[in-house]
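*Asks:* next one to model:
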Amino acid sequence: MILAASALLMALGYAGPGQVETASRAAEAYREAALFGEDEPDSEREAALFGADDSDREAALFGTPDVGTSSATPAAEPRGPAPSQPSTGGRLLDALRGQNDYLDIGGVAWFWAQMSDLDNTEFGGSRFSSPNFLDVYMDARPNDRVRAYVRGRLNYDPSIDPTALTLTGQTASRTRVRLDQLWLKFDVLRTAFVTVGQQRIRWGTGRIWNPTDFMNPSRLDALNFLDTRLGVPLVKVHLPIESLGWNFYAIADLNGASSIKELGGALRAEALFGPAEVSLSAALQKDRPVRLGADISLPVWEFDLRVEAALLHNVTRPFFDERSDARTVDGIELVDTVEEIEILVAAIEGTPVDRSDDWIPQIVVGLDYAVRYNDDDTLLFALEYFFNDAGTDLPQTYVPLLFNGGFESLYLGRHYLSAAAYLVGPGDWDDSTFSLVGLANLSDQTGLARLNYSVQLLTYLRLNAFVSVLAGERGGEFRLALRVPPIDEDLLEPAMLPAALASGLSFEPTVWQTGVTLVLNF
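*Replies:* Residues are numbered from 1 along each chain as shown. Below you'll find the model as predicted:
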């Protein structure tokens, strides 16, 4: 269930010890270019280091810089009809084209199909999904100091049953139209750079876990080919100090704010100290936790070391203790007595624990090592550990989290570990990328192994494919299971259980998944 999204992970941007100093020098020159570049970078810091825009951490892994980004439209490709022979009409058309050269239109389409095989299910009963989507953008730059950008998304999944109820009792729709980005950029005396509107932003050095990514209301899906999260409504002011290679950001968070007192705020500082890059951040908003963060990346001998840490206070989301016996839910055959309904209610409601007075740490430590096995090819190994004090060692509390909020994939347990190997363009296979990833929740002893393959078929068309195997204890994060039989309406109403449980609810753990995507840029 938690892994219905498709393939791999992350973004990949390796810079060896010798490359970091070069990247640091390039960072200063890139800062202003990033402001008016091809697309809104998730992080100006990452864009400066890797010379890429918002989705190019993913693109670096899969071998193309244009997947899922507005830079998919080649700059050299002319738009509109070819120029006519010299004439009054031709000169007029040329003049009109020149006046409208600031507007760029393009997009990307993902055609997605995947299948999940479940425990105790015949092959024909395997779960199928096809979460296709289309992004279309308009990018206007009338001069080098002003830029406006809009990007919309159309989601379409023909595998969704529009008559089925979700856990909240609502019906799902096959088609959704949403706004991804809508922002305006300009500078103030070429000193401060302002971005106003719904924009993409991402903080942190972790490949899979980003506890300091404070501005996004949802977590990055590290098991996806790209970051499909929508933009966030912000007012961002960026003040670079080019002589030092430092950057300062002040942000007003408009998300969900209907009054001045509901506005959120954040501050971030990024600094270069030799080959090391250090960032400090803080975020505060009414009715949300106090969030403090720091991250550092630097070369250590032949390795690249990445550390990211967050400290949370006044966390009000639900926590549950060992009295939340949700495993009982999986064993109930019938719910037709008061005693059985009480067991079910206790399992779903859980036993809440108040941790609002605690300071809760979350720490990510990552290590990368590259092996050059010939003149042109490199094999990259990446290891990452995540300590999550906001998680739990009790998998029986996952069901209360699922029904009461707080269920975040890859942030449920207290201890996680990932190991991966990436092979980009090996030998004569310059258009292909291979990756093998292992991901484990050490707290509940479940995990997965995933093999990915990506190849550029045509100039604007790319194929991605994956297969993954899931293993571990039934009921853990990667082997989540739930079985609730139909409930008599007379018992359901006074128990105040979700209406979707009236007809029962059942899903088995996933054994393996496979999928393929076609990506068209235009």
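*Asks:* and the next helix or strand past the strand with the most length in the chain?
*Replies:* Ranked by residue count and defined by DSSP state E, the top strand of the chain is strand 103-118. Counting by DSSP states H and E, the next helix or strand C-terminal to strand 103-118 is strand 127-129.
*Asks:* quick check, distance from stretch 455-467 to the centre of its chain.
*Replies:* When distances are taken as CA atoms, centre = their mean, to the nearest Å, stretch 455-467 is centred 21 Å away from the chain's centroid.
*Asks:* can I assume T228 sits in a helix?
*Replies:* No: applying DSSP: H, G, I helix; E, B strand; the rest coil, one finds T228 to be coil, outside a helix.
*Asks:* what's the neighbour count on the nearest residue to it once chain neighbours are set aside?
*Replies:* Closest residue to T228 apart from its sequence neighbours, by CB to CB, 6 or more residues apart in numbering: D221 at 7.0 Å. C-beta here means a position set from N, CA and C on the backbone, and glycine is covered the same way. Neighbours of D221 under the rule other CB atoms under 10 Å: 19.
*Asks:* so D221 touches S409, yeah?
*Replies:* Yes: at 7.4 Å, D221 counts as touching S409 under the criterion of CB atoms under 8 Å.
*Asks:* go ahead and flag the most central residue of this structure.
*Replies:* L220 (2.5 Å; CA atoms, centre = their mean).
*Asks:* tell me the pLDDT at L49?
*Replies:* According to the prediction, L49 has pLDDT 31.
*Asks:* for my notes, confirm Y416 occurs in a helix.
*Replies:* No: counting by three-state DSSP, Y416 is not found in a helix; it is strand.
*Asks:* now it: how far from D180?
*Replies:* Distance of Y416 to D180, computed by CB to CB, to the nearest Å: 29 Å.
*Asks:* neighbour-wise, which of these two wins?
*Replies:* Just comparing Y416 and D180: by other CB under 10 Å the higher neighbour count belongs to Y416, 24 against 20.
*Asks:* give me the nearest residue to the more buried one, chain neighbours excluded.
*Replies:* Per CB to CB, 6+ apart, closest to Y416 is F386, 4.1 Å.
*Asks:* so where's the stretch 301-450 of the chain uncertain?
*Replies:* 324-336, 338 (pLDDT under 70).
*Asks:* the same query, at a cut-off of 90, please.
*Replies:* Applying pLDDT under 90 to the stretch 301-450 of the chain flags residues 316-318, 320-353, 372-377, 394-407, 425, 427-428, 430.
*Asks:* now the stretch 51-200 of the chain
*Replies:* In the predicted model, the stretch 51-200 of the chain carries pLDDT under 90 at residues 51-102, 117-128, 144, 159-173.
*Asks:* circling back to that earlier point, which strands and helices sit next to the helix or strand where the residue nearest to Y416 lies?
*Replies:* Assigned by DSSP H and E, F386 falls within strand 378-388. When contacts are defined as 3 or more CB pairs under 8 Å, 6 or more residues apart in numbering; DSSP states H and E, strand 378-388 packs onto strand 359-372, strand 415-424.
*Asks:* just the ones you listed: most buried one?
*Replies:* Among the helices and strands packed on strand 378-388, ranked by average contacts under mean count of other CB atoms under 10 Å, first place goes to strand 415-424 (a mean of 19).
*Asks:* strand partners (parallel or antiparallel) of it?
*Replies:* strand 378-388 (antiparallel), strand 432-441 (antiparallel) (DSSP bridges).
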